[in-house]
Structures are given as structure tokens and as C-alpha cells.
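**Student:** Have a look at this fold, sequence not included:
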Ligand SMILES: [Zn+2]
């Protein structure tokens, strides 16, 4: 497997610390609202990575944390806790809000066929580990206290900012230029960040813990350092997240973890690019913030959404539109219909050019996995899959695809689905009655016509006539079909 590593800015051969065993950590959701589709892109891209490593024979220990405290509005030093604000807004306790949106997140990743992480630690359950880490950093002289909390002095960590490719000075300038929110007073450097924040009002009892520095709650960055190292050890093979985390959150995770352990924190940094909607950044004010539920309410299946997301390379910007999703849903439907027909294929035992066809199946599979192992080039892998489908479809239409050939194609498709996670098996197993099969083909022909793929539409018309004796009629009220007498 070749993977792009953010910190080296190169595509590198992946080699875990322990043979065949991979540790993988991803920054999880802040559970204060339903995750939007931009959040889900990260988990889908990471799922393709995980499935690809599993396919290559690795065992994986996968941790995704749940941030239920400490993530402040604006990600800055001041501002309110996101979960706490949501609790006020919804007239619930912070715990109720966190539980509700944790369940919503888990339901989303389940519907999207994301393989479940081995551990999903909650920040509020790991405050002790965070305080231990803060204690180590304090003992080594990395911290200082101001009235709002305990801060990490970023000038004391050599190579601060190396993940972003900016040195300490440049990163300070960068943050200064981008600062939109007020920062805590008394900070030595603009890049300094809180590892512990002191409680603000006497009323906030719910999310407050005792500590030797004073009552308060942990900073967001310290959570990921503490939880990732607790479950995966001081050096992780892979750490994942969106590219927006590079200059601050992940940079700070490195600073804390490496200052505490004096060891390298992460070997491979895996970052996915942004998702835009209709060419714009998602924003409540633009009304373009979609959740998975919104997509499903518009009549799309979670699998169509999964397909559109994973079909773009994880390092490219992805512009999501409902129109593109419509097209993808049609494509996915035609794949499912192809799989259904494949299983019922019992034509020609002595198909012509058998060897040649079997070789083309092998080649398609080889190409597919070569592309996956090439920094997860899913778009090219999908082209190999679609070329195979086209080839097999042609053979089926000529009633040439033999049972053994159909099985070879089905096996290859199942292998591909190990990476794609699009429920191919379900559509292969489904034994359909003839009417269902005809109905699916008629729908697929309609879809082909909408996409102006007239060759495919005509091919389906002939297939219906030859295999089922079905004749199509285009009427004003749509397509009708009847059996030839
Ligand atoms: Zn994190």
C-alpha cells in the first residue's frame, strides 16, 4: 500500500510498527448536533482505507473518540463549550445532548456501512488520563497558568508546526491573520493553547472536574492525545482527520504527545479534503447544510450517498450536488440490477472466447486492487470495475455468458465490494421472480435513456425481447410492457 503522508508531503510505502498489525486513530465527532455530510466524508474515506488494509491482510485496531466536552465554538481559546450551548438551546442536560448525538452519529455510520471502530472512547470518561498527561507536561515545564486556564507554551516544543509545513514564526503569523475570535489574555504566543480551562460560572456543575490546577474541564486537543495513546500506545501507525485539523488541532496533538513521551506520536498522517455543496462551503446561512437524514428524506439511499463520496479521491475537493447524486443513484441501481441478473445467468456452457473473457476478469481485478493500493485511487479502480460490467453485460446480452464466467465476475464484484462496501452481496442473493427482473430492466432502460446512453437502452430492449419475450411500448403516460403472444 502506498499512502500520502501529510507530514512528509510524499506518497510513501506503508509499513506498520508491528508486522501485519495496524493502529489507527480518527478524531471523532463533537456531539452537539447531527453530523452533516461534510463530517461523514471523513469517516467514509477512512473506511475505504481501513477496508483496503484489511484486504491486504492487516489486522487493525481502530479508535474513534467521542468529543462530549471541551470543544469550544470557533475552536479558539475563549468561547463557549459546544455541547453545553446545545444543552441550553434544547433545554436538556449536557449528558442528554451528548448521548442523543452520539447515537445519531453511530446510526449514520451504520447506515453508511462504515466498519465499526473497536473503541469509541468518550472524553468525559477519560478526564483522569488527560489530567495525568497534563501532570507530565507540567512537571517537564511546558505549561503556564493564566486566569482562564492552563496553557501549553508552544515555543518550548522544537519543530512546532512541522505537520503544516510552517515553522513556529510562520504559524504564529498565520493564526494571527486568521483570528476572528477573541483570544485569552496573558498568552505568551498566539499558537499557545489550553490543556485545562477553569470553570467560568458557579452554575456549570455538570461538565466540571477537580484538578490540582483548579476546577475546570479539559481542552479539546488534550483529549485526542490522551485517548489515542491510552488505547493505541505512544506511537500510532495512522492518525486520520479532515485537512482543516492540520494547522491547529493535529499540530497541537503532536506538540503535547511528543513533549510528554519524547517519542514520535504518529507515523502516517491521513487527511481528507473538504466537501462543498453547490460549489460553496456548507453554512447554515446558505441553507446548504445537509445531514444523512436530509438526503434520505429526498428519496436517496444511504448507499447512493456512500457511493458518491467514495468515488472521489480523498485528497481532492468534492463538490456535492443533488443532481450528481441523482446520477450516481441511477448508476448504482444499474449495478445492482446487473448483479441480480448475473446470479441467474445459466446460458451457454461453451461460450466463445472463454479464455479471453476469463483473462479480462482477472485483469480487471488486478487493475482494481493496484489502483486501491496506489494511495486509494478509487476513481480509477471504479473505472476498472465499470469496464468489467460493460464487458460482462455485452456477453450476457448475446446470451454468451456461461455459468462459470458469471461466477468469476460475481466473485470479482464481491472482492471489489470488500473495499467499496455497497452491499453487493444483498443484491446477488436476492432471487427474483421474472416480473421483478423485467421491472428492474425496464427501470434501468429508463435510467439509461435519461442519461442519453441509447446504446445501453437499445441493448436492454433487445434483451427483454429475447430473454422474456417482453415488448416495450412508449406511451404518453410512460413505458408499458407486455408479453408477446
Ligand atoms: Zn483529534
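**Tutor:** Okay, I see it. Worth saying up front: this structure is predicted, and the values here are computed from it rather than measured.

**Student:** now this structure, which segments are flagged as low pLDDT?
**Tutor:** By pLDDT under 70, the weakly predicted segments of the chain are 70, 73-79, 178-183, 201-204, 346-350, 429-433, 485.

**Student:** For it, just list every one of the strands.
**Tutor:** 2-5, 10-13, 21-26, 59-64, 143-146, 149-152, 193-198, 216-218, 236-242, 266-272, 275-277, 318-320, 470-475, 478-483 (DSSP state E).

**Student:** list the buried ones in stretch 373-383?
**Tutor:** Buried residues in stretch 373-383, counted by 16 or more other C-beta atoms under 10 Å: 373, 375-378, 381-382. Any C-beta I mention is one placed from the backbone N, CA and C, and that applies to glycine too.

**Student:** Need the strands of the chain in CSV (columns: mean neighbour count and distance to the ion).
**Tutor:** Shown next, in CSV, are these (neighbours: other C-beta atoms under 10 Å; distance: least, C-beta to the ion, whole Å):
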stretch, mean neighbour count, distance to the ion
strand 2-5, 17, 17
strand 10-13, 11, 22
strand 21-26, 22, 8
strand 59-64, 19, 10
strand 143-146, 17, 20
strand 149-152, 24, 15
strand 193-198, 26, 13
strand 216-218, 25, 12
strand 236-242, 24, 6
strand 266-272, 23, 11
strand 275-277, 20, 19
strand 318-320, 20, 22
strand 470-475, 13, 55
strand 478-483, 11, 52
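
**Student:** Tell me the one of the buried residues of stretch 373-383 nearest residue 259?
**Tutor:** Residue 259 lies nearest to residue 375 out of the buried residues of stretch 373-383, by C-beta to C-beta, at 31.0 Å.

**Student:** if I read this right, that closest one contacts residue 12, doesn't it?
**Tutor:** No - taking contacts as C-beta atoms under 8 Å, residue 375 lies outside contact range of residue 12: 9.5 Å.

**Student:** between the two, what contacts are shared?
**Tutor:** Listed as contacting both residue 375 and residue 12 by C-beta atoms under 8 Å, 6 or more residues apart in numbering are 2-4.

**Student:** what sits against the closest residue to the ion within the stretch 1-150 of the chain?
**Tutor:** Proximity of the stretch 1-150 of the chain to the ion (C-beta to the ion) peaks at residue 27, 3.1 Å away. Residues in contact with residue 27 (C-beta under 8 Å, 6+ apart) are 64-65, 67, 224, 240-241, 245, 249-250.

**Student:** Give me the phi and psi angles of it.
**Tutor:** Per-residue torsions, residue 27: phi -70, psi 120 (degrees, to the nearest 10).

**Student:** The one residue in the stretch 301-450 of the chain that gets nearest to the ion: neighbour count?
**Tutor:** Here the residue of the stretch 301-450 of the chain nearest the ion is residue 314; by C-beta to the ion that distance is 17.7 Å. Per other C-beta atoms under 10 Å, the neighbour tally for residue 314 reads 24.

**Student:** can you check residue 442 too?
**Tutor:** Residue 442 has 19 nearby residues by other C-beta under 10 Å.

**Student:** Run through the residues that contact it.
**Tutor:** 464, 472, 479, 481.

**Student:** that older thread, and the residue of the stretch 301-450 of the chain closest to the ion, what are its phi and psi?
**Tutor:** Dihedral angles (degrees, to the nearest 10) for residue 314: phi -60, psi -20.

**Student:** Please convert the contacts of residue 27 to a markdown table, extending it with distance to residue 52.
**Tutor:** Listed next are those as a markdown table, based on distance: C-beta to C-beta, whole Å:
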| residue | distance to residue 52 |
| --- | --- |
| 64 | 17 |
| 65 | 23 |
| 67 | 27 |
| 224 | 24 |
| 240 | 13 |
| 241 | 18 |
| 245 | 22 |
| 249 | 25 |
| 250 | 22 |
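
**Student:** Give the other helices and strands that the longest helix along the chain contacts.
**Tutor:** Counting by DSSP state H, the longest helix found in the chain is helix 322-343. Contacts defined by 3 or more C-beta pairs under 8 Å, 6 or more residues apart in numbering; DSSP states H and E place helix 322-343 against helix 302-310, helix 378-397, helix 403-420, helix 424-429, helix 434-450.

**Student:** from the ones you listed, which stretch is densest packed?
**Tutor:** helix 302-310 (a mean of 23; mean count of other C-beta atoms under 10 Å).
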